[in-house]
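> Structural data only, the sequence is not supplied:
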């Protein structure tokens, strides 16, 4: 009956329940994301309140210039990408390890307590983390140097040490995110069909073998999708973490400056919406290209795992 | 006494309204030729007004038949007694201009984000606090403010038209148009040291009122008091305090009298005696390297923390907490710090010294505080009238600035007041009223720092205006460069300013290279061009 | 029965030992900072400034909590708003997200890649704060409206795609047999997809709940003083701190020495007060994170 119609309309009718189930989420996304998205034009405008977003005069690529002007574009882009990749790898490894341990562990009480406890860092804001770090590493009063002086060693000056900061950032990132991410993998492990383990037990498989041949392959889809999602944010990154933990320290900026912190510093007093928008568009554009590539590869290998 | 004053005041007001209101029409006709001319006439106009007034008596005042509520945004948190104070203010405004003010507050912790947003959203509001440090230029350039023309001022804000300092009006111009009523208040910023008397006596230091004396004091501290940091500078608030003191002193004592010019991020400087306005980076000034070398020496000797660049606590907080032995601050801050520290730690015997070290204090920009009207306000004229009262009407102005007389404060002579216990609920000069400060009705708090009168006297006598005091730079054509340079200011410059360098000469050269790459020369040329225009216009 | 025997085997023991050790160390690493937060919140401001954060307060003081609990009914009200927003937002968000995830996870749905892309695209490109704010205030009238606390974070595309991947790991055969039995999509969604995906729902639900619980940004943007009764917890607590500090600074200007605001301890006490209730939610969810339960249960 509908065979003559466009395939899309046909599907719309045939799968109308499915389409209807998509409607609420789509409406929210359209309202909260797609309509305001028109504001991207700001990146190419010299905004004024009187003419509004669309009426303001065009500025061409003027708003993008400052970002490339002081030669920091490459440095900050590199730092952003590298940090995000390292965080991703280390955090994912720790999260999966913890999830597997928690899922297999026998002691129920211990499990409960550790699981809850690992969530605590999530509630400590970056401002507080930054204050702790400062308290730890402050040259004159910091806990580390107080200890070092106590045992007669030379105090160290962490805040001028470029090599220390990548390590510190990786550690605090893990500290804040491991508990949170573990839950995601735990949920994925829990979803694995229990019969597979029972069959393996019957075959006399060891713990390690079960993890290697059942658990890890079964959580692969989750790993892949979280990796893909992370690629999409590889140029953004946790602004508060970099800003608060390093204290915006100019001595080590070469190794701690990411795009967001750089842009914030530049535009602090200028308040140019167009320039902020331009930096955002640059980040989105590059991320988008990276995701398209990554997704394309994944789709070739295993279409089910692809994002879109 | 007060009511008498009030009566004579309102009589005067009526007169002013009449004369200036009328003059506005005359001025308009006479000055159709050039926009720039208008303001010049204003200053000398008072004399002419007198003559013109009797001629055109038929013009009525502005139409105020419709009752309006004006929404006014202030920055800060609502004082407990704010509504009570504004009830009184509104009583008077209602009677005089048939309008009332509804105050909204934007907390300090969020104004940076919210301020631009309320311009962009469709919200209905009328008046807002603004300042050169509080987005005045940015919002004015984006047409966020209602333009206050000379005519509008004379029609709707006659008292302001009468009393406005001409240099303040000039300063407020952005592209030749005025969008703000700057405060009518000559504020000098002088810096003071606050030191611990107990420690001074211990190490035989008699005075800390010059850089050399401060050096001696801090040296004694760093050598003998291992638990104390001499001075805990480094936060955004005070990162360049010592740099400024040293650089200003060196230049004041030199022939060239180099002073800063243009926006602070671009680090531009010019010699006051140079009529060609050749602008150069401060880092290229002869005194710069010596200053940085001395700062490096101080920092190496441990006068401030090795981690000063990541400090978030400003030096007065550390001083109050007993972490440091010396603090530097401007004199207004000093008053309040003195009050709380001497109450909390009488044993410290804190003493206040002049930190100007012979450099005359400079008059603050009038744009440091002001009030503006929203460009989309539905009642800009009435808003202007309300501002006129907030600024000039002694009763309203006193209410806004100090609260209710008899409840929050008590007069002490004509220029001073005593805070009453209730002032905790509406503090003296603490309600974002700074934009309407007015020399004519200003009062200072009695008591506090014992040698303040003495210090004030010295400063008042020596205070001066710098040559480019009223020069306002239009950054339209160099925004990208300023953004790039602002970033360098925040990083490399800050490091040097706190003495964080192993090799001053090399690091200054590095700073110079970066600035040049960011387009410093283009900005300096633009400043020079505008500077020459500014001098020509004078 | 078999399982029990296996449990005692050597590698089991080894595994448990190593796990306990690793998790134990990690837990301690997570607990210590939080312990510092609690201890700091019970300290005097000055002792933090002078001696830093310590495991045991050097000078014990309840000032920070006294400031936060000054007006108990307001605090309770803020708790109420947050709980309401969290419950409504999480319930609604989970329903909407899981429905969409169900459809996108369905291999029979021809346009699933395209629709996934439609959703995913929004997590990469955004119009920025200003256009978003203008649209929300001018056209959706979010100003001082509780919807402003719910709608902006109702659907998180990242969670949607994660939930989709969980749903895809449910064996397809289960869906197929249900469809063959003549079940419609809604039935399959409610009767099979949701029960089989409890762990995934618990995870995403937890994340959504945490987002609501910790959100102060939307409150900051869209609520002004006039609607104090809508302040959620985090924003309310923040306000107490800034207000106390502002009042103190103001008092000093008047020349009246005021007692110092315990700023540092208050920041830490805020963390404690805001963490309390939500941390209790997690143990409650833990029953969904037990291995091998869900699928077996449905099959049986």
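Cool, got the structure. Computed from a predicted model, the values in this text were never measured in an experiment.

> Ramachandran coordinates for the spatially most central residue of chain B?
In chain B, the centroid-proximal residue (Cα atoms, centre = their mean) is residue B:368; its distance is 2.7 Å. The phi/psi pair for residue B:368 (degrees, to the nearest 10) reads phi -60, psi -20.

> for chain B, what are the nearby residues on the stretch 51-200 of chain C?
Contact residues, the stretch 51-200 of chain C versus chain B (Cβ under 8 Å from any Cβ of the partner chain): C:129-130, C:133-134, C:137-138, C:143. The way it works is simple: take the backbone N, C-alpha and C, and place the C-beta from them, glycine included.

> Let's see that with 6 Å instead.
Residues of the stretch 51-200 of chain C lying near chain B by Cβ under 6 Å from any Cβ of the partner chain: C:130, C:133-134, C:137-138.

> returning to that earlier point: and the residue nearest to the centre of chain B, what does it touch?
residue B:131 (Cβ atoms under 6 Å, 6 or more residues apart in numbering or on different chains).

> List the contacts of the residue lying closest to residue A:42 once chain neighbours are set aside.
Among residues not flanking residue A:42 along the chain, residue A:277 sits closest, at 4.0 Å (Cβ to Cβ, 6 or more residues apart in numbering or on different chains). Taking Cβ under 6 Å, 6+ apart, we find residue A:277 in contact with A:42-43, C:128.

> ok, now residue B:293?
Neighbour list for residue B:293: residue B:504 [criterion: Cβ under 6 Å, 6+ apart].

> Residue in chain B with the shortest distance to chain A?
Here chain B gets closest to chain A at one residue, residue B:310, 3.3 Å apart by Cβ to the nearest Cβ.

> Would you check that that residue makes contact with residue A:249?
Yes - the criterion here is Cβ atoms under 6 Å, and residue B:310 meets it with residue A:249 at 4.7 Å.

> Kindly point out which residues are neighbours of both of those two.
residue A:159.

> Tell me which residue in the stretch 1-150 of chain C sits closest to chain A.
residue C:131 (2.3 Å).

> check which helix or strand covers that residue.
helix C:129-134 (DSSP states H and E).

> after that helix, next one along is what?
Helix C:129-134 is succeeded, C-terminally, by helix C:147-150 (DSSP H and E).

> what does that following helix contact?
C:85, C:89, C:142, C:218, C:222.

> shouldn't the first one be in contact with residue C:212?
This means residue C:85. Yes - assessed by Cβ under 6 Å, residue C:85 is found in contact with residue C:212 at 5.4 Å.

> Residue A:235 is in contact with residue A:283, correct?
Yes - taking Cβ under 6 Å as the definition, residue A:283 is a contact partner of residue A:235 at 4.2 Å.

> just to revisit the earlier point, which of the contacts of residue A:277 tops the neighbour count?
Within those, residue A:42 tops the neighbour count with 27 neighbours, counted by other Cβ atoms under 10 Å in any protein chain shown.

> Could you measure from that residue over to chain B?
11 Å (Cβ to the nearest Cβ, to the nearest Å).

> Contact partners for that residue?
A:53, A:273-274, A:277.

> and chain A, which residues reach chain B?
Proximity of chain A to chain B (Cβ under 6 Å from any Cβ) is limited to residues A:48-50, A:65-66, A:69-70, A:138-140, A:157, A:159, A:247, A:249-250, A:253, A:265-266, A:270-271.

> Show the subsequent helix or strand relative to the biggest helix by length in chain C.
Determined from DSSP state H, the single longest helix within chain C is helix C:72-105. Sequence order places helix C:112-124 as the next helix or strand after helix C:72-105, per DSSP H and E.

> how much distance is there from that next one to the middle of the chain?
24 Å (Cα atoms, centre = their mean, to the nearest Å).

> burial count for residue C:130?
Neighbours of residue C:130 (other Cβ under 10 Å): 22.

> Name the helix or strand for residue B:417, please.
Going by DSSP H and E, residue B:417 is in strand B:416-419.

> Do that strand and chain C come into contact?
Yes - counting by Cβ under 6 Å from any Cβ, chain C has neighbours in strand B:416-419: residue B:419.

> which neighbours does that strand have in its sheet, and in what orientation?
In the sheet, strand B:416-419 lines up against strand B:409-412 (antiparallel), strand B:444-445 (parallel) (DSSP bridges).

> What average pLDDT does that strand get?
Averaged across strand B:416-419, pLDDT comes to 88.

> low-scoring pLDDT stretches of chain C, where are they?
For chain C, applying pLDDT under 70 flags the ranges C:1-8, C:255-259, C:291-300.

> nope, chain A is what I meant
Judged by pLDDT under 70, the stretches of chain A that qualify are A:1-5.

> Quick check: the residue of it nearest chain B.
residue A:247 (3.3 Å).

> contacting residues around that residue?
By Cβ under 6 Å, 6+ apart, the neighbours of residue A:247 are residue B:310.

> same deal with residue A:192?
residue A:218.

> contacts for stretch B:214-227?
B:203, B:205, B:208, B:228, B:230, B:302-303, B:325.

> Need phi/psi at residue 193.
Because you didn't say which chain, this covers chain A. Main-chain torsions, residue A:193, degrees, to the nearest 10: phi -60, psi 120.

> hmm, I had chain B in mind actually
Dihedral angles (degrees, to the nearest 10) for residue B:193: phi -90, psi 150.

> what's the one helix or strand residue B:102 maps to packed up against?
Counting by DSSP H and E, the element that carries residue B:102 is strand B:99-106. Under the contact definition 3 or more Cβ pairs under 6 Å, 6 or more residues apart in numbering or on different chains; DSSP states H and E, strand B:99-106 sits against strand B:68-75, helix B:82-97.

> circling back to that earlier point, the residue of chain A closest to chain B in helix, strand or coil?
coil (DSSP: H, G, I helix; E, B strand; the rest coil).

> which stretches of the stretch 401-538 of chain B form helices?
Assigned by DSSP state H, counting those that start in this stretch, the stretch 401-538 of chain B shows helices spanning B:452-462, B:479-488, B:494-497, B:504-517, B:520-537.

> Just name the most buried of these.
Each of those was assessed for mean neighbour count using mean count of other Cβ atoms under 10 Å in any protein chain shown. The highest is helix B:479-488, with a mean of 25.

> How about residues contacting the strand holding residue B:417?
Residues outside strand B:416-419 that contact it (Cβ under 6 Å, 6+ apart): B:409-412, B:428, B:443-444, B:446, C:254-256.

> Any buried residues in it, and which?
B:417-419 (16 or more other Cβ atoms under 10 Å in any protein chain shown).

> Please list all residues in contact with residue C:282.
Shown in contact with residue C:282 (Cβ under 6 Å, 6+ apart): A:116, A:119.

> so where does it fall, helix or strand?
helix C:281-285.

> Just give me how far that helix sits from the chain centre.
Taking mean C-alpha positions (Cα atoms, centre = their mean), helix C:281-285 and its chain are 12 Å apart.
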